[in-house]
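[1] predicted model, plus sequence, below.
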Amino acid sequence: MSQLGGIQRDKYIVFNAMKNWNRFPRFAGVVFIASLSFLLQHIFYPSVDRQSFSYSIYVAVYGCLLVTTVLFSILFYFLNVKHKKVHFIYLLYFTIFIIGALSINILNLFHGEDLSLFAFVAMSIPLILRTRILFYAIIYLFIVIGFTLCLATLHMDKINGLTITKIFLYSFVGFMTTLTIEYARRKTFHLEEELRRKNTILESISVKDPLTGVFNRRYMMDLLVHHILLARKKSQPFCQGIMDVDYFKKINDTLGHLTGDDVLKEIAKIIQSTVRANDLVIEAHSFSGVPWQVTTSGGFTSLSDQDSPDTMLKRSDELLYKAKENGRNRIYFV
């Protein structure tokens, strides 16, 4: 039982609401067809005397299920799928369905010892409904107490040790089945959430540099293709560039790799927060642990009609090396 509570409540409520939303049309469709079929059957080919009280109850129950199914279907149609009220409205509809199904079972007891509908309701609850364990317990208590009281009131002759034992066993087996299914659902939900979280992390790792947190070359190439196509489609200018830290090896060799890592991370933050690129973007910045100015060199190029991602990268790379050869701390643009 403790493992059933290991999932955040709000996430699981939304999960229940969405799952019940998804299954409502199918369940409502089955109830509608079954109710309509039995209602028509009892109207035109009744299994009991038309003048009897049982006939009126049969028609009333099947008619009630038919009407409430239509009304709740209309109500669901106008609700937001992510609204938590969906879950409780589904609980209300399911309660009406239980009352209708058990009422029919009580009517059937006039004709014999048939508890099949009671067993069906007890076994099908977790398959039809997704809710919290507390609500499941309330539903089963409601079924057992309500059904037993109705039998005692309407069918005193049916109350015996065997019938009470059957009711208890059906309910007990149904509730244990519910616990098993609900545990499997929550375990699956928890695993899916964990898998989603890990996939998000893996996706982030696959496209971002773990040290600086900026996008890596793989992501840059995909983004470059996208922007080139977008620029050509909208006939807009587009430019791409490459930057390199001047004398970065000197920082690593003189001050250590940890300082070099810190410099790279700080440079990444500066570039991410800068709206325009120029050769003074980091020269004016004082880096902790570095006693000299840190500068960068870069090569930038604009998109031409004949360009591809590779040709743009090649041209900007050549401009970068030209900037380095001509004294560093500068940006060349073509």
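    In hand now; what should we look at? Numbers count the residues shown, from 1 in each chain.

[2] next secondary structure after the helix or strand hosting R186?
    Using DSSP states H and E, R186 falls within helix 161-207. Later in the chain than helix 161-207, the nearest helix or strand by DSSP H and E is helix 217-234.

[3] kindly export that next one (C-alpha atoms) in PDB.
    Extracted C-alpha coordinates of helix 217-234, given in PDB (Å, rounded to 0.1, in the frame of the first residue of the first chain):
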ATOM      1  CA  ARG A 217      27.900  21.500 -33.000                       C
ATOM      2  CA  ARG A 218      25.300  18.800 -33.600                       C
ATOM      3  CA  TYR A 219      22.400  21.100 -32.600                       C
ATOM      4  CA  MET A 220      24.100  24.100 -34.400                       C
ATOM      5  CA  MET A 221      24.100  22.200 -37.700                       C
ATOM      6  CA  ASP A 222      20.400  21.300 -37.400                       C
ATOM      7  CA  LEU A 223      19.600  24.900 -36.500                       C
ATOM      8  CA  LEU A 224      21.700  26.300 -39.300                       C
ATOM      9  CA  VAL A 225      19.800  24.200 -41.900                       C
ATOM     10  CA  HIS A 226      16.500  25.500 -40.400                       C
ATOM     11  CA  HIS A 227      17.500  29.100 -40.400                       C
ATOM     12  CA  ILE A 228      18.900  29.000 -43.900                       C
ATOM     13  CA  LEU A 229      15.700  27.500 -45.300                       C
ATOM     14  CA  LEU A 230      13.700  30.100 -43.200                       C
ATOM     15  CA  ALA A 231      15.800  33.000 -44.500                       C
ATOM     16  CA  ARG A 232      15.400  32.000 -48.100                       C
ATOM     17  CA  LYS A 233      11.700  31.400 -47.700                       C
ATOM     18  CA  LYS A 234      11.100  34.900 -46.200                       C
END
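
[4] hmm, who's touching that helix?
    When contacts are defined by Cβ atoms under 8 Å, 6 or more residues apart in numbering, helix 217-234 is touched by residues 206-208, 215, 236-238, 240, 303, 307-309, 312-313. For every residue, glycine as well, the C-beta is placed using N, CA and C.

[5] residues of stretch 184-201 that come out buried?
    Buried positions in stretch 184-201, judged by neighbour count with 16 or more other Cβ atoms under 10 Å: R185, R186, F189, H190.

[6] in terms of secondary structure, what does the helix or strand where L127 lies contact?
    Per DSSP H and E: L127 is located in helix 116-128. Packing contacts for helix 116-128, counted by 3 or more Cβ pairs under 8 Å, 6 or more residues apart in numbering; DSSP states H and E, involve helix 85-108, helix 133-154, helix 161-207.

[7] and it, how far out from the chain's middle?
    28 Å (Cα atoms, centre = their mean, to the nearest Å).

[8] and the angle for that helix with helix 85-108?
    Interaxial angle of helix 116-128 relative to helix 85-108 (axes from the mean of the first three to the mean of the last three Cα atoms, to 10 degrees): 170 degrees.

[9] so for helix 116-128, what's the average pLDDT?
    For helix 116-128, mean pLDDT is 85.

[10] name the residues that touch that helix?
    23, 27, 94, 98, 101-102, 104-105, 108, 136, 139-140, 143, 147, 167, 170-171, 173-175, 177-178, 181-182.

[11] hang on, the earlier thing: now the helices and strands packed on helix 116-128 in a markdown table, with mean pLDDT?
    Listed next are those as a markdown table, based on pLDDT from 0 to 100:
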| stretch | mean pLDDT |
| --- | --- |
| helix 85-108 | 84 |
| helix 133-154 | 87 |
| helix 161-207 | 84 |
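
[12] burial of M156, as a residue count?
    Neighbour count of M156, defined by other Cβ atoms under 10 Å: 8.

[13] mind checking how far it is from C150?
    According to Cβ to Cβ, to the nearest Å, M156 stands 11 Å off from C150.

[14] for T95, same thing?
    Plainly put, T95 is 15 Å away from C150 if you go by Cβ to Cβ.

[15] got it, and F94?
    F94 sits 19 Å away from C150, going by Cβ to Cβ.

[16] and the angle for the host helix or strand of T68 with helix 85-108?
    For T68, the element it lies in under DSSP H and E is helix 53-78. Put simply, helix 53-78 runs at 170 degrees to helix 85-108, going by the same axes, to 10 degrees.

[17] now do helix 53-78: distance to the chain's middle.
    32 Å.

[18] packing partners of that helix?
    helix 9-44, helix 85-108.

[19] so of those helices, which one's packed in deepest?
    Sort the helices and strands packed on helix 53-78 by mean neighbour count, taking mean count of other Cβ atoms under 10 Å, and helix 85-108 sits at the top with a mean of 19.

[20] rewinding a little: using JSON lines, lay out the buried residues of stretch 184-201 together with distance to D49.
    Below are the buried residues of stretch 184-201 laid out as JSON lines (distance: Cβ to Cβ, whole Å):
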{"residue": "R185", "distance to D49": "46"}
{"residue": "R186", "distance to D49": "50"}
{"residue": "F189", "distance to D49": "51"}
{"residue": "H190", "distance to D49": "55"}
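
[21] just give me the closest of the residues you listed to D262.
    D262 lies nearest to H190 out of these, by Cβ to Cβ, at 38.3 Å.
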